[in-house]
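**Q** Sharing a model that was predicted from the sequence below.
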Amino acid sequence: MPLTQMKKGAEAVVADLTCQGTCRQRLIDLGIIRGAKLTIRGYAPLGDPMIIEINDCEIAIRKKDAQSVLIM
Amino acid sequence: MRIALAGNPNSGKTTLFNGLTKLKQKIGNWPGVTVEKKEGRYFADKSVELIDLPGIYSLNPVSDDERAARNYLLNGKPDAIINVLDSANLERGLVLSLQLLGTGIPVILALNMEDELNAHGLTLDTAAIEREMRAPVIFISAKRRRNLKPLMDKAVKAAKSGKPEIFVAEGETDEEKTEFRYNYIASKIDLFRVKSTSRIKKITSAIDKIVLNRWLAFPIFAAVIFVMYFVSVQTVGRLSTRALERLFFDLIGANVRAGLTNAGAAAWVSSLAADGIIRGVGMVLAFIPQIVVLFIFITFLESCGYMARVAVIMDRLFKKLGLSGKSFIPMIIGCGCTVPAIMSAKTVEGSAEKRATVMLTPFIPCSAKLPVFAMMAGALFPNNVFVAPSMYFLGIAMVIIGGLLLKTLRRRKREDNPFVLELPHYRLPKFRNTLSEIWEKVRGFLIRAGVIIVPAAIILWVLQSFNFGFQPVDIENSMLAAIGGGISWIFAPLGFGNWQSAIAVISGFFAKETVVATFGIILGEGESLGSALNGLFTPQAAYAFMAFILLSAPCVAAIAATKKEMGGVKWMFLAIGFQTAAAYVVALVINQAGNLWAYDRTLCISILAGFAVTGIFALCIYYAVKKRKSGGRAAGCGDCKGCKDKCCKDKNSCQTEKKQ
């Protein structure tokens, strides 16, 4: 299931990434790799981007990009 | 010997660089402050050259600034790398460290922001890190300039020995290697630190709850901008500007004139000094208090951590305009000066978004335009507090309209670039660093006043004092009046078709401060300037003039920056043409609408009401049609638009569900 379906406050483990190219590169650089744990911190006032916490660090990420983060 | 500073964005590289070189490069609290490599020398040993690099997450770059950093690390052959790490954000930092350790260049790990780490209730075991990472490790505090000398001793030692252990990441592809590095760090991280609850994190999330709140986010942002302009233009600044004007014109100007006349100087010499240089420069310097107040606000915004939040708030809106939320960071820096603002557009991923950002950033009023607004508002709208802040909101409105326009004009399909932005913890800025940031900005303003305003004042004085035969004449018969009169027809539809405004607009091309200097030299200072401006402008023409100065082609320095960031003369002319056309149209609309308003209010109101009713009607139809198409959507369904109150895997499965 993609990350975007998670509710605020939920925790999840990354299962796979479905995007390629620079998107994949950037996600991996930020530690969004298979097995990484993350928490949904919330959504921006207009609903996009969403804010996640990974490795003690808050990151804003567009839903379009978060769509390609599959979690279990 | 060359030592490079490398590390994640916002880890404190430039703060450390400033501490080691005693230089004053720009710092701030958001990822991507440094966008170009900067060079300097270690203050204690001038033979050591230090290179400050833009922040990177890995040696696989996405944006232009990251590319510059990677190219230097791999091709510039530094003798050693000081890898600056944010202690509170160690895990990801160490992954980059492993990649740097794979280059064969000696690496020293500098654990920065130890103080913040302590506030997190953590300690780090440097011995364990040194053992597992196989590289020298040291705690530093770049902000408080602590442990800098031992750091450099270690770095020089490592550079001299030159034989580091190379970390080899297992895996075929870059991706597998990155995963290997992450897993390596994840398996060791518990050896490095002890976890506990953190105060800073709690404060950060408490502040974020308010400033990122669905209903409060935009009002708070608007209030911040309003307060910034209101305080700097209307309150503190206004009083002290009066005092400074008196100082420059009544004291210095009058005394210099008297002194020169007594010393037997020719009349033209004392006139050049008093009516030309002192009046021109004085007009600009009188606005220093307002500029300083503005800079205090901007510097605080830059260093507290709010900038990244603004980017998050704005992203949804800006994406619709073909921009990125990160495009908003240049637009706040642009309140100070457009040149660094345009350069900071480097962090925007994707060349189309970056170009649009560079083209639109000059619409934001820079500090040099502030004196123009303050002067015009003071003379023509003395009791209206909204005139100066309204310029900022007009600027944003034009960014939005311009963004939409550029998006429709763009022929190629947009490249698909990720938007990912790290949100730093809020920090109270260190007083010394803030002061030096403010001073750097004020210094830039003063230097411009000297380098550009003084020559401009001399030229203007010569042109206004002589005719084409170089005979002294009164101003109405001077070269200046003739030149201005020759082009003033261009501005007649905008309401300021007088030669004085034409000259002011042209002089603003060199630096926007010159506009006030020009009016000062042509029209005189103080009371006489106010009444002269009232004679030249109707209120609507004055507002149109302010809008024109706000939006038209920026100063030469900003145009040069535009050319550099856009990558070509063609783009530069396109940008200037776009900005000037926008300025002309907006000023035209303001003036003509204002004229109509002054001529017949009832007609004006009925036209406006007509537009409003039509607009609302059109919007209703648009949403009704849109709603019929999409149906209701459950919360958190992402891009899924097709099914009622249900989430679906993707767009396609949605449609099949609906058909059945």
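**A** That came in fine, so what should we check first?

**Q** separation between B:L94 and A:R24?
**A** Applying CB to CB, to the nearest Å, the value for B:L94 to A:R24 is 21 Å. (Each C-beta comes from the backbone N, C-alpha and C, glycine too.)

**Q** So which of those two has more stuff around it?
**A** Using other CB atoms under 10 Å in any protein chain shown as the criterion, B:L94 and A:R24 rank with B:L94 on top: 26 against 18.

**Q** so what's the closest residue to that one other than its chain neighbours up against?
**A** Leaving aside its sequence neighbours, B:L94 sits nearest to B:I185 (CB to CB, 6 or more residues apart in numbering or on different chains; 4.8 Å). Taking CB atoms under 8 Å, 6 or more residues apart in numbering or on different chains, we find B:I185 in contact with B:E91, B:L94, B:V95, B:L98.

**Q** Name the member of these with the shortest distance to chain A.
**A** B:E91 (4.3 Å; CB to the nearest CB).

**Q** so is the closest one in a helix, a strand, or just coil?
**A** helix (DSSP: H, G, I helix; E, B strand; the rest coil).

**Q** what pLDDT does it get?
**A** For B:E91, the pLDDT comes out at 84.

**Q** tell me the contacts of residue 69?
**A** In the absence of a named chain, this looks at chain A. A:P2, A:L3, A:V14, A:L17, A:T18, A:L27, A:I32.

**Q** meant chain B, my bad for not saying
**A** B:A69 touches B:A6, B:K37, B:L53, B:P54, B:G55, B:I56, B:P61, counting by CB under 8 Å, 6+ apart.

**Q** What strand or helix carries it?
**A** helix B:64-75 (DSSP states H and E).

**Q** Buried residues in that helix, which are they?
**A** For helix B:64-75, the neighbour count (16 or more other CB atoms under 10 Å in any protein chain shown) marks B:D64, B:D65, B:E66, B:A68, B:A69, B:R70, B:Y72, B:L73 as buried.

**Q** Report the distance from the helix or strand that it is followed by to the chain centre.
**A** Using DSSP H and E, the helix or strand that follows helix B:64-75 in sequence is strand B:80-86. Put simply, strand B:80-86 sits 27 Å off its chain's centre (CA atoms, centre = their mean, to the nearest Å).

**Q** Which secondary structure element of the chain has the lowest mean pLDDT?
**A** Picked chain A for this. helix A:21-29 (a mean of 85; mean pLDDT, DSSP states H and E).

**Q** one step back: quick one: distance of the helix holding B:A69 to the chain centre.
**A** For helix B:64-75, the distance to the chain centre is 23 Å (CA atoms, centre = their mean).

**Q** Check stretch B:48-61 too.
**A** 22 Å.

**Q** Does that stretch reach chain A?
**A** Yes: Stretch B:48-61 reaches chain A (CB under 8 Å from any CB of the partner chain) through B:Y57, B:S58, B:N60.

**Q** The first one: which element?
**A** It refers to B:Y57. With DSSP H and E as the test, B:Y57 turns up in no helix or strand.

**Q** My read is that it contacts A:L30, right?
**A** Yes: judged on CB atoms under 8 Å, B:Y57 makes contact with A:L30 at a distance of 6.4 Å.

**Q** Those two - which one has more neighbours?
**A** Counted by other CB under 10 Å, B:Y57 and A:L30 do not tie: B:Y57 has more neighbours, with 26 against 23.

**Q** Let me know the pLDDT of the more buried one.
**A** 90.

**Q** so who does the residue nearest to it when sequence neighbours are not counted touch?
**A** Among residues not flanking B:Y57 along the chain, A:D29 sits closest, at 3.7 Å (CB to CB, 6+ apart). Taking CB under 8 Å, 6+ apart as the contact definition, A:D29 lies against B:Y57, B:S58, B:N60, B:T178.

**Q** Nearest to chain A among the residues you listed?
**A** Proximity of the contacts of A:D29 to chain A was ranked by CB to the nearest CB; the top entry is B:Y57 with 3.7 Å.
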